[in-house]
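Visitor: Quick one: sequence plus predicted model below, questions after.
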Number of protein chains: 4
Amino acid sequence: MIIVMKENTPALEIERMVKSLEDRGFQIDKSTGSRKVVLGLVGDTSALDERDFMGHEWVDRVMRVQEPYKRASRAFHPEDTIVDVSGVKVGGKKLVVMAGPCSIETPDQIHGIAKEVKKSGAAILRGGAFKPRTSPYSFQGLGEKGLDLLLSAARDNDLPVVTELMSADKIGTFLEKKIDLIQIGARNMQNFDLLKAVGRLNVPVLLKRGMSATIEEWLMSAEYIMSEGNHNVILCERGIRTFEKATRNTLDLSAIAAVKRMSHLPIIVDPSHATGKRWMVESMAMAAIAAGADGIMCEVHNDPENAWCDGAESITPETFDHMMKKLREIAPIVGREL
Amino acid sequence: MIIVMKENTPALEIERMVKSLEDRGFQIDKSTGSRKVVLGLVGDTSALDERDFMGHEWVDRVMRVQEPYKRASRAFHPEDTIVDVSGVKVGGKKLVVMAGPCSIETPDQIHGIAKEVKKSGAAILRGGAFKPRTSPYSFQGLGEKGLDLLLSAARDNDLPVVTELMSADKIGTFLEKKIDLIQIGARNMQNFDLLKAVGRLNVPVLLKRGMSATIEEWLMSAEYIMSEGNHNVILCERGIRTFEKATRNTLDLSAIAAVKRMSHLPIIVDPSHATGKRWMVESMAMAAIAAGADGIMCEVHNDPENAWCDGAESITPETFDHMMKKLREIAPIVGREL
Amino acid sequence: MIIVMKENTPALEIERMVKSLEDRGFQIDKSTGSRKVVLGLVGDTSALDERDFMGHEWVDRVMRVQEPYKRASRAFHPEDTIVDVSGVKVGGKKLVVMAGPCSIETPDQIHGIAKEVKKSGAAILRGGAFKPRTSPYSFQGLGEKGLDLLLSAARDNDLPVVTELMSADKIGTFLEKKIDLIQIGARNMQNFDLLKAVGRLNVPVLLKRGMSATIEEWLMSAEYIMSEGNHNVILCERGIRTFEKATRNTLDLSAIAAVKRMSHLPIIVDPSHATGKRWMVESMAMAAIAAGADGIMCEVHNDPENAWCDGAESITPETFDHMMKKLREIAPIVGREL
Amino acid sequence: MIIVMKENTPALEIERMVKSLEDRGFQIDKSTGSRKVVLGLVGDTSALDERDFMGHEWVDRVMRVQEPYKRASRAFHPEDTIVDVSGVKVGGKKLVVMAGPCSIETPDQIHGIAKEVKKSGAAILRGGAFKPRTSPYSFQGLGEKGLDLLLSAARDNDLPVVTELMSADKIGTFLEKKIDLIQIGARNMQNFDLLKAVGRLNVPVLLKRGMSATIEEWLMSAEYIMSEGNHNVILCERGIRTFEKATRNTLDLSAIAAVKRMSHLPIIVDPSHATGKRWMVESMAMAAIAAGADGIMCEVHNDPENAWCDGAESITPETFDHMMKKLREIAPIVGREL
């Protein structure tokens, strides 16, 4: 961390600052410019916050030199991490597509969709049982019964499942039912207690990016999970909130390249929630793979117009099959397969 | 809700749509334009989501005519709600100022600050015991021990307390210790399980606006709490995330007028977190009161430069006292007192 | 346009509103709901602004049913427009890549780069002579001398040129020197006088998206140009301003699908300005083509580290050549060639 | 400026960097940390851009230590600047209110409004003759005829005028007609040629903040004007673009405190365009004055419901008079008068 002292800071104040930092265990590189003094902190600054110093009367600016995350950082772990989801490897040569309905509705619905997406090449079955809805009056998901339907459909088609966990008090249920991949939704990306709780499990976690989270904050949330011992984290870009109204959110595909450089964790893309528009899903999925994503998560529904939620962004099994063919064509160009 | 059908929608499709809506219990006003047919839904649309219809092949546009919130809406409750926090009325003629340190550190610190802010006119003591921090390596608060220190300082100065609840499993502790006002932080504004949990309590809730939450989403989160039975909700504007970097967040003071028109709930403003800059707190607090806020929540620390968190935005008791004098001058101009 | 009147609007006020709209030449479809009356306007509403009615005492909500743009709209022009830039067709089967330095510096520089990018398959040479710089103290471009250098390099390599016009008083110079494609930069996207001025020319225009422009506003700016008679407009997505700091701007690739649906105009993508990072350019260019863009505009410099501007986002001719190979592989998957 | 070199940068590369910076006239403070080398540049860095160095292979991070603006900076000009608009002082003890219609419509309209706002205490008459409209089909203002009407109404009421200049080719007209204060609109805040053109005049300039401009970029645009010799710049905050939809833009009142600290230029606030809602104008104007603004600019119309533009945000002369009374009450609390 670099601390720039204000012009005309009394020498005594600089000495006090240096002393106080040395007392906290840092070595200090002091550089005296024509107008300003700059202090460089040498040591582990991951527990420091730039803002801790911004309140100091004589501090002008503060700049981090090392990233605030360690376990999630590529600097400390140069090779790509491959997360094993009950046999499906995420982050390796093979692209992984997770597909299924926004919410689990009926046995027929989930079994039918599971069969279709499996046939088209999906590797993991998704489906919401506990649904975060903006309105308390909207359908909130089938809950545990939904989990059972999801698992039954998955087993019949030999697929692992991913589903969202909204609250730590359901962890027992998730473990008991052997959910293969636990999703932390965008709205809970900074629900730190929940992050710590899944950090203590031995189950992989899919961490969606918060609607207004910077990439650095997102990696810090991954760090929360990893700092508790669980290193099996998959990141999922799902669009950020901007002023644009033509799409539900703005899909930030440059996050893929950024994450790949900053971190060793795998990253997939959810074009359904990002765009909110069924007719954009295929082109955005193709773009995501071309940009280097490790996979796709998307919403597939047999009857989108009558889906209990998010029908506007769900594609049919036929469209999904078409999309998979396109992704299969792009894969080798980016050194992948599907 | 108004549904605009696409140009050239077959009459049969329009009939099917009308039938399906009637089956769901709505009466339909059909209006046939030169190019498009418009359907008006009559009935309780609060459980509907515009997006439920956007996926329909023949639907062009959808517009809500009634707000999606009911209990939080001024339309259904024209008079201002006054929330009673252990005797302190929030939302009435008297402005309410909540002050105290970002985090509770030591007995001396919290007792000293409590005494000072009480003397200057604060009505509620704030202090963080469970702290949501971006980094898992930052100080996370003193936890239950912090609550005890806060309560002891508050009792000595005859002040109710407000403190953040981050996780439902601490509700028992909060109830047992008789926390007067439970804060739901910005990062948990859409942690719906936590909202429902505090909605079942008989304790007032301070609901901070999420960093990228629209005012409507914020009111929907209040609706979550109210729909479970707890109508004692105070809203707190604390800045939204924008592209601007000169401040930590962008304080949205127009939210005050908007909330006052849309809802009957009281709204206060937190200029400390909004700006992230100590030297902006007073002017933004004055602006908030001039704009019609019901009160202020702000961070006060006896030694901001050495605060364990958020020192950059904490003001000293002396500055706080000065600010209170200024707020007292503005109050009568907006028909309030302090 | 649909106008929803407030609950309890007196019948007389509704009649006055209907009368006033009929006087302006609209036919009115009136629909009376259980609580609210809805008026549908039939006729050409392109000159109306929703905001014109929002000020009315008895108006609750207003919704546009027809797009405010006409000439730029696909509804009125279903086939794709192909813009001819001195023989290079933009918007057809063949993808078009525009490449060159951020700013023209020396004869050697621009001739060298022109030769290299031509060899790799670029179809149009870009280069800035008049540079919009945030600081008045930064290099502002070589001006007319720069145009001459650009044209000389282009002619030697049989390439048309694209370069930015910042002010209407340089139009004479641009015409005289026969600039093939006139670029309107992001900062001037709503410089309406400049848009009208290029709208009166017989030269194609490349219209960059403003940093905080919605897609609708962008199309309205195209409409400004087209309404003056010049229909040869190419759109260029170059990133929008968001809270994210890992990239210079956030590239909005979903704009491609949105524009293709809303308009018939061709759209290309500038991954250099969008990301501000050299190492992201190739992956974002690939993603753009996979998403359906009609081409790419990117910055190429022989010595990026010593470029006079935007070196951080400029790629070398070698990297450009590698990128072109990748784009050539993706092209057939989206039914294009390069 | 501080340049942090990457870990493991070869000593030779650091020497080359130091040499190249010294060749450009800077003195270099080199600080060697345990892992990274930090270079501090001593000298005038205002012509440098952080991005110029970010492209360098061995550069990790760059941080500005001095602001990029000079003439607009308070560091170089500690006292407040007071701009004289034909006798009306902006930036002094007396608050200045500029009021009038969005667009000039008829002689009666502008004369009537001028008389009313003068009576209530407005010091400058505003009115649009050249209107920047999103749609080419919307009313574009009366042009020169509008200027004449504005000036006639102003003279009759002994008021200076402020009106928007959209294009440099109208400067002759503005000078000839002796427009007292030239407004540069939000959409032209980075129309650098226009900024330079008004920078060469001897007429004060009102510079509105761009919709997505950071405060630093805004001050850089003021710097453009000042660098040409015209130091009479008044800044006007008018809301920034965010995700929030309840208001037209988000009024950023913390910009007042920020500008006052960073610059010596006066700053006023336009609550009309910021909120887009008539019923918010008074409370936001009061908040702006409480926050330390030097004045207000607002839209007043005798018949807002039939205004030719922006009726939704225009207040009546009666409401304006009420607002002025409120501002007069707040003024002394912030050490001002009205």
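Guide: That came in fine, so what should we check first?

Visitor: OK, now which residue of chain A is nearest to chain D?
Guide: Going by C-beta to the nearest C-beta, chain D is nearest to A:S31 of chain A, at 3.9 Å. For glycine as for every other residue, the C-beta is placed from the backbone atoms N, C-alpha and C.

Visitor: Which residues of the stretch 101-250 of chain A lie near chain D?
Guide: Contact residues (C-beta under 8 Å from any C-beta of the partner chain) of the stretch 101-250 of chain A with chain D: A:241-243.

Visitor: Mind doing that once more with 10 Å?
Guide: Counting by C-beta under 10 Å from any C-beta of the partner chain, the residues of the stretch 101-250 of chain A close to chain D are A:211-212, A:240-245, A:249.

Visitor: ranges for the strands of the stretch 51-200 of chain A?
Guide: With DSSP state E, counting those that start in this stretch, the ranges of strands along the stretch 51-200 of chain A come out as A:59-63, A:83-85, A:88-90, A:96-100, A:124-126, A:161-164, A:181-184.

Visitor: Just tell me which of these ends up closest to chain C.
Guide: Closest of the strands of the stretch 51-200 of chain A to chain C is strand A:59-63, at 12.8 Å (criterion: C-beta to the nearest C-beta).

Visitor: Can you pull the domain assignment for chain A?
Guide: A:2-63, A:74-334 (automatic domain parsing).

Visitor: With respect to D:V203, which of those lies nearest?
Guide: Evaluated over those, closeness to D:V203 peaks at domain A:74-334, with 33.8 Å, by C-beta to C-beta.

Visitor: quick one on the thing from earlier: okay, and the beta partners of the residue of chain A closest to chain D?
Guide: When assigned by DSSP bridges, A:S31 has beta-bridge partners A:V38.

Visitor: what sits against it?
Guide: Neighbour list for A:S31: A:2, A:4, A:37-40, D:2, D:29-32, D:38-40 [criterion: C-beta atoms under 10 Å, 6 or more residues apart in numbering or on different chains].

Visitor: Of those, just the buried ones, PyMOL syntax please.
Guide: The buried residues among these can be selected in PyMOL (16 or more other C-beta atoms under 10 Å in any protein chain shown) with this line:
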select buried, (chain A and resi 2+4+37+38+39+40) or (chain D and resi 2+29+31+38+39+40)
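
Visitor: restrict the residues of the stretch 101-250 of chain A next to chain D to contacts with chain B.
Guide: A:211-212, A:240-243.

Visitor: quick one on the thing from earlier: pick the most buried one from the domains of chain A.
Guide: domain A:74-334 (a mean of 22; mean count of other C-beta atoms under 10 Å in any protein chain shown).

Visitor: so how far is the first residue of that domain from its last?
Guide: Distance across domain A:74-334, first residue to last, is 21 Å (C-alpha to C-alpha, to the nearest Å).

Visitor: And for stretch A:30-38?
Guide: 6 Å.

Visitor: again with stretch A:273-282
Guide: One end of stretch A:273-282 to the other measures 13 Å (C-alpha to C-alpha).

Visitor: quick one: is it near chain D?
Guide: No - figure legend: stretch A:273-282 not in contact with chain D (C-beta under 10 Å from any C-beta); closest approach 14.2 Å.

Visitor: CA atoms of stretch A:183-192 as PDB?
Guide: Output of stretch A:183-192 as PDB, limited to C-alpha atoms (Å, rounded to 0.1, in the frame of the first residue of the first chain):
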ATOM      1  CA  GLN A 183     -25.700 -21.500  -5.800                       C
ATOM      2  CA  ILE A 184     -25.300 -18.200  -3.900                       C
ATOM      3  CA  GLY A 185     -27.500 -15.700  -5.800                       C
ATOM      4  CA  ALA A 186     -26.600 -12.200  -6.800                       C
ATOM      5  CA  ARG A 187     -28.600 -10.600  -4.000                       C
ATOM      6  CA  ASN A 188     -26.700 -12.600  -1.400                       C
ATOM      7  CA  MET A 189     -23.200 -12.000  -2.800                       C
ATOM      8  CA  GLN A 190     -22.400  -9.900   0.200                       C
ATOM      9  CA  ASN A 191     -24.400 -11.900   2.700                       C
ATOM     10  CA  PHE A 192     -21.200 -12.600   4.500                       C
END
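
Visitor: how far is that stretch from where the chain is centred?
Guide: Counting by C-alpha atoms, centre = their mean, to the nearest Å, stretch A:183-192 is centred 9 Å from the centre of its parent chain.

Visitor: Just the closest residue of the stretch 1-150 of chain A to chain C, please.
Guide: A:E67 (11.4 Å).

Visitor: any low-confidence regions in the stretch 101-250 of chain A?
Guide: Residue ranges of the stretch 101-250 of chain A with pLDDT under 70: none are present.

Visitor: Near chain C, which residues of it? Just list them.
Guide: When proximity is defined as C-beta under 10 Å from any C-beta, the stretch 101-250 of chain A approaches chain C at A:212-216, A:239-250.

Visitor: how does it look with 6 Å?
Guide: Counting by C-beta under 6 Å from any C-beta of the partner chain, the stretch 101-250 of chain A comes close to chain C at A:214-215, A:242, A:244, A:246-247, A:250.

Visitor: Please state the backbone phi and psi of A:L41?
Guide: phi -90, psi 130 (degrees, to the nearest 10).

Visitor: gap between the residue lying closest to A:E217 once chain neighbours are set aside and A:R64?
Guide: Sequence neighbours aside, B:T134 is the residue nearest to A:E217 in space, at 6.0 Å (criterion: C-beta to C-beta, 6 or more residues apart in numbering or on different chains). Going from B:T134 to A:R64 by C-beta to C-beta, to the nearest Å gives 12 Å.

Visitor: again with A:V259
Guide: A:V259 sits at a distance of 18 Å from A:R64 (criterion: C-beta to C-beta).

Visitor: swap in A:E313?
Guide: From A:E313 to A:R64 the distance is 37 Å (C-beta to C-beta).

Visitor: same thing with A:P78?
Guide: According to C-beta to C-beta, A:P78 stands 21 Å off from A:R64.

Visitor: where along the stretch 201-338 of chain A do the strands fall?
Guide: In the stretch 201-338 of chain A, strands defined by DSSP E, counting those that start in this stretch lie at A:205-208, A:233-237, A:267-269, A:295-299, listed in chain order.

Visitor: So which of those is nearest B:L235?
Guide: Taking C-beta to C-beta, strand A:205-208 is the member of the strands of the stretch 201-338 of chain A nearest to B:L235, at 26.5 Å.

Visitor: Make a markdown table out of the contacts of A:S31 and add pLDDT.
Guide: What follows is the contacts of A:S31, written out as a markdown table (pLDDT from 0 to 100):
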| residue | pLDDT |
| --- | --- |
| A:I2 | 88 |
| A:V4 | 89 |
| A:V37 | 86 |
| A:V38 | 86 |
| A:L39 | 89 |
| A:G40 | 86 |
| D:I2 | 88 |
| D:D29 | 84 |
| D:K30 | 84 |
| D:S31 | 79 |
| D:T32 | 78 |
| D:V38 | 86 |
| D:L39 | 89 |
| D:G40 | 86 |
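
Visitor: now for the contacts of A:S31, which pair is the farthest apart?
Guide: Of all pairs in the contacts of A:S31, the most separated under C-beta to C-beta is A:V4 and D:T32 at 17.5 Å.
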